[in-house]
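Student: Below is the structure, and that's it, no one-letter string:
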């Protein structure tokens, strides 16, 4: 692979995740501080990510994969996204903001697959080369968080003064840059197939792989994957508002520790996966969710701030041990015919259905304990975090009891 192509792919990944990290991490704080949104309204806004994940396969599978170059549709989606982000920057209430964020997420979620498609088509050895390209996405997310904290937009004073609105302007500019840059990316035309090879509607959205659910172990894993995404949604929706409201300095920058942890444990996972096996690896990932939320529940921004930092740093174990291991397990269970469909099905179930439920549960819990916030912010957040800790614990116990240990071949990493 030439240096020019490597730079283009790396810069593409950097911008793709810089854009996401530039506004999504602080979205909850923005909705509370700037738009005075209720807990249910916040849940409604965050649910747009899940709706985008559900709709994304239709856009990619039924349109992009058949008729357009991947790099061109990537550029068009990000140019439209730049406009939508600018409109979000100008929005003054949730009613105006919501249609823009919903449309944006429906268009953004497919770009996550598109950047992978553009990359894989240029790599001669994806297993070895992709991680060195994809890591720039993690760096982009980290840089976005550090930028927000360095500029003080996420501080209590900055958030109160409306500075978080600038995150959407920053994301809009980055989206414009990536939209234009996409047109100089390596050409990635649709793969030509015969009429007999054209995927069915069911295969595009992963339903061909539903036969995997006949396997008892995989059914247990599949249901557990949906359920564990409920506590995951609590983190996405509440982590930044929680850290800002209890007074942790440079909250968004410190949350980037989670992405550093994710990158480190991703490199360690092949060794740990072989050492512990699939079932123990998944259980460790679930246990990390329980511990993380208990640390959030009983930590504070003062003498116990180390508990919050440890909770953030556990992100690598929470995410990699469960989701990446789950992708490996899914790959091992699916035959050659269903490999892509199986990954599509598990993604639809987790980022789509599981997190959609999770965001609404988080909204319900937030509304239930809202009365505490006026008198005791710490008590409000303690009650809020105990709930996902309990859910994660129950899911872990169910998985431990019902999933029978089996050897999983390490094919993906």
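Tutor: Alright, I've got the coordinates. These numbers were taken from a predicted model, which means no experiment stands behind them.
Student: Can you pull out the low-pLDDT segments for the stretch 51-200 of the chain?
Tutor: In the predicted model, the stretch 51-200 of the chain carries pLDDT under 70 at residues 57, 59-66, 126-128, 156, 159-160, 191-200.
Student: repeat that with 90
Tutor: Where the stretch 51-200 of the chain drops to pLDDT under 90, the residues are 52-70, 109-135, 138, 152, 154-163, 188-200.
Student: for it, what spans make up the strands?
Tutor: With strands called from DSSP state E, counting those that start in this stretch, the stretch 51-200 of the chain shows none.
Student: show me where it has helices.
Tutor: 65-67, 70-90, 94-120, 126-150, 156-160, 166-181 (DSSP state H, counting those that start in this stretch).
Student: Kindly reformat these as TSV containing distance to residue 212 and mean neighbour count.
Tutor: Glycine gets a C-beta too; all of them are placed from N, C-alpha and C. Compiled in TSV, those are given as follows (distance: least, Cβ to Cβ, whole Å; neighbours: other Cβ atoms under 10 Å):
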stretch	distance to residue 212	mean neighbour count
helix 65-67	22	15
helix 70-90	28	21
helix 94-120	21	20
helix 126-150	23	19
helix 156-160	45	16
helix 166-181	35	21
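Student: need the ones you listed in a markdown table with distance to residue 219, can you?
Tutor: Converted to a markdown table, the helices of the stretch 51-200 of the chain look like this (distance: least, Cβ to Cβ, whole Å):
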| stretch | distance to residue 219 |
| --- | --- |
| helix 65-67 | 29 |
| helix 70-90 | 34 |
| helix 94-120 | 26 |
| helix 126-150 | 29 |
| helix 156-160 | 44 |
| helix 166-181 | 39 |
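Student: which one of those lies closest to residue 224?
Tutor: Nearest to residue 224 among the helices of the stretch 51-200 of the chain is helix 94-120 (23.3 Å), distances taken as Cβ to Cβ.
Student: just how off-centre is the closest one within its chain?
Tutor: Relative to its chain's centre, helix 94-120 lies at 12 Å (Cα atoms, centre = their mean, to the nearest Å).
Student: Can you check what angle separates that helix from helix 166-181?
Tutor: Helix 94-120 runs at 40 degrees relative to helix 166-181, counting by axes from the mean of the first three to the mean of the last three Cα atoms, to 10 degrees.
Student: name the helices or strands packed onto helix 94-120?
Tutor: In terms of contacts (3 or more Cβ pairs under 8 Å, 6 or more residues apart in numbering; DSSP states H and E), helix 94-120 is packed against helix 3-23, helix 39-59, helix 70-90, helix 126-150.
Student: Mind putting these into CSV with distance to residue 392?
Tutor: Converted to CSV, the helices and strands packed on helix 94-120 look like this (distance: least, Cβ to Cβ, whole Å):
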stretch, distance to residue 392
helix 3-23, 24
helix 39-59, 19
helix 70-90, 32
helix 126-150, 24
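Student: can you tell me which of those helices comes nearest to residue 190?
Tutor: helix 70-90 (8.0 Å).
Student: how far off helix 166-181 does the closest one point, in degrees?
Tutor: Using the same axes, to 10 degrees: helix 70-90 against helix 166-181 is 160 degrees.
Student: Report the inter-axis angle for helix 70-90 versus helix 3-23.
Tutor: 30 degrees.
Student: Of the helices of the stretch 51-200 of the chain, give the one that comes closest to residue 377.
Tutor: helix 156-160 (11.5 Å).
Student: Now for the closest residue to residue 360 other than its chain neighbours: which residues touch it?
Tutor: Spatial nearest neighbour of residue 360, chain neighbours left out: residue 43 (5.2 Å); criterion: Cβ to Cβ, 6 or more residues apart in numbering. Taking Cβ atoms under 8 Å, 6 or more residues apart in numbering, we find residue 43 in contact with 237, 359, 360, 362, 363, 364, 366.
Student: sorry, back to before: and the helices and strands packed on helix 94-120: which comes nearest residue 169?
Tutor: Nearest to residue 169, of those and by Cβ to Cβ, is helix 70-90 at 4.7 Å.
Student: outside of the closest one, which residues touch it?
Tutor: With Cβ under 8 Å, 6+ apart as the criterion, helix 70-90 contacts 19, 23, 63-64, 97, 100-101, 103-104, 107-108, 110-111, 114-115, 117-118, 121, 165-166, 168-169, 171-173, 175-176, 178-183, 185-188, 190.
Student: check contacts around residue 276.
Tutor: Taking Cβ under 8 Å, 6+ apart as the test, what residue 276 contacts is residue 284.
Student: now for the helix or strand hosting residue 28, which elements pack on it?
Tutor: Taking DSSP states H and E as the definition, residue 28 sits inside helix 27-33. Judged by 3+ Cβ pairs under 8 Å, 6+ apart, helix 27-33 is in contact with helix 39-59, helix 156-160, helix 216-245.
Student: What are the buried residues along the last one?
Tutor: For helix 216-245, a neighbour-count test (16 or more other Cβ atoms under 10 Å) marks 217-218, 220-245 as buried.
Student: I'd like to know which elements that helix is packed against.
Tutor: Using 3+ Cβ pairs under 8 Å, 6+ apart, helix 216-245 sits against helix 27-33, helix 39-59, helix 156-160, helix 251-255, helix 278-298, helix 325-333, helix 355-368, helix 377-402.
Student: So for the fourth one, mean pLDDT?
Tutor: Read it as helix 251-255. Helix 251-255 comes out with an average pLDDT of 90.
Student: Model confidence score at residue 46, please.
Tutor: pLDDT for residue 46: 93.
Student: Confirm for me that it is in contact with residue 236.
Tutor: Yes - Residue 46 is within contact range of residue 236, at 6.5 Å (criterion: Cβ atoms under 8 Å).
Student: what touches both of these two?
Tutor: residue 359.
Student: Endpoint to endpoint, stretch 157-176 covers what distance?
Tutor: End-to-end distance for stretch 157-176, by Cα to Cα, to the nearest Å: 29 Å.
Student: residues near the residue lying closest to residue 367 once chain neighbours are set aside, how many?
Tutor: Closest residue to residue 367 apart from its sequence neighbours, by Cβ to Cβ, 6+ apart: residue 39 at 4.1 Å. By other Cβ atoms under 10 Å, the residues close to residue 39 number 22.
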